[in-house]
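# 3D, please:
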Amino acid sequence: MNHTTVAEFILLGLTSDHHLEILLFVVLLIVFLLILLGNFTVITITLIDRQLQTPMYFFLRSFSLLEVCFTSTFMPRTLYGLLMSRKAISLHGCLMQLLLFFYLGSSIYFHLALMSLDRYVAIYHPLHYATIMNSRRCVQLVLCCWVVGFFILIPPTVMIVLLPFCGPNLINHFYCDMAPLLQLSCTDTHLIELLVFFAAIIIVLGTLSVSVVSYGCIIATIMRIPSSSSQKKAFSTCSAHLIVVVIFYSASIIRYVRPSQRGGRDFDKNISFLYSVVTQLFNPYIYALRNKQVREALRGKVFSKWSKAIVKTKA
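Next up, the predicted model:
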């Protein structure tokens, strides 16, 4: 760091058109608020409704909390940059954003694998499900999701923090991503790229294999259901989950599972937008708010509040 001459970076953002930036600000602000609303709704309803005190909703609550933290690492800064003419971020702020983004992002992969594994256990071992997924084990599994990714990412992230940056300082992205940042380093980064590549294989492809096997077994079970209407209902729920998983993992594989992590191209920026914003918007609505139990719980709580308010008004 003694050789570092760059004190801040300039994030070029999603576009250089000022009029388009205003439109993007409005759209992304609405998207961010919807992400927060959806996830906080899931967290709240699964905490206060006793019927939702099950392992499945415990994992969904943890996943929603993770999504709020993940999106908050870059979205407020992105919205701020769309309003300001000078889109600067300090070196330390950029590195902190990078570390939080990749740590929380890796935890999302483990959570997705965990939720698919939970559904596999519920379908294949329904009589022993409560015993296998007891409260203590659920907490342990969630803690593993939060911790394992951290230890996998320690070697490359420490090396990135120690990198010297001698200029230029323009990052062709809307947040501090690894590829454009490595591009700006004035030293050899091949070892870091190799470590990131192996970490991506473990995190992305490892969790993907768990999800594929779990959903494959679930689909095989659905196919054996004698009722066609029950099959269609099960497939409608499963297909929505699979669409999100396919988009999220496809974009992640294209973006990170490659030997060279150097980049800074518009293509990388668009792919990053797909898995960091688009999938985060749909996750709470597909995984939880489309669920019949969650909708009934929401209607029950809202109706109860309205009834109490009416009674108080009349009194």
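# Going by C-alpha atoms from here, please, whenever you check contacts or count neighbours.
Noted.
# Now do the strands in the protein.
8-11, 88-90, 170-171 (DSSP state E).
# State the number of residues packed around Pro156.
17 (other C-alpha atoms under 10 Å).
# for the nearest residue to it once chain neighbours are set aside, what are its contacts?
Spatially, and ignoring its direct neighbours in sequence, Pro156 is nearest to Ile192 (5.5 Å; C-alpha to C-alpha, 6 or more residues apart in numbering). Ile192 makes contact with 156, 159-160 under the criterion C-alpha atoms under 8 Å, 6 or more residues apart in numbering.
# pLDDT score for Ile192?
pLDDT for Ile192: 89.
# likewise Phe63?
The model's pLDDT for Phe63 equals 92.
# quick revisit: please produce a markdown table containing the strands of the chain, extended by distance to Arg258.
Shown next, in a markdown table, are the strands of the chain (distance: least, C-alpha to C-alpha, whole Å):
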| stretch | distance to Arg258 |
| --- | --- |
| strand 8-11 | 24 |
| strand 88-90 | 27 |
| strand 170-171 | 20 |
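# what would the ones you listed look like in TSV with distance to Gly105 and mean neighbour count?
Below are the strands of the chain laid out as TSV (distance: least, C-alpha to C-alpha, whole Å; neighbours: other C-alpha atoms under 10 Å):
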stretch	distance to Gly105	mean neighbour count
strand 8-11	20	21
strand 88-90	21	16
strand 170-171	20	20
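# will you turn those strands into a markdown table that also has mean pLDDT and distance to Trp146?
Output for the strands of the chain, formatted as a markdown table (pLDDT from 0 to 100; distance: least, C-alpha to C-alpha, whole Å):
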| stretch | mean pLDDT | distance to Trp146 |
| --- | --- | --- |
| strand 8-11 | 90 | 29 |
| strand 88-90 | 89 | 27 |
| strand 170-171 | 88 | 29 |
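# Leu100 is nearest to which of those?
strand 88-90 (15.2 Å; C-alpha to C-alpha).
# Show me what the closest one is packed against.
strand 8-11 (3 or more C-alpha pairs under 8 Å, 6 or more residues apart in numbering; DSSP states H and E).
# The strand it packs on: partners in the sheet, and parallel or antiparallel?
strand 88-90 (antiparallel), strand 170-171 (parallel) (DSSP bridges).
# Columns distance to Ala7 on top of the ones you listed, output as TSV?
Listed next are the strands paired with strand 8-11 as TSV, based on distance: least, C-alpha to C-alpha, whole Å:
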stretch	distance to Ala7
strand 88-90	6
strand 170-171	12
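# Of the contacts of Ile192, which belong to helices?
Those of the contacts of Ile192 mapping onto helices are 156, 159-160, per DSSP state H.
# Tell me the one among those residues nearest to Cys144.
For these, the nearest to Cys144 is Pro156 (19.9 Å; C-alpha to C-alpha).
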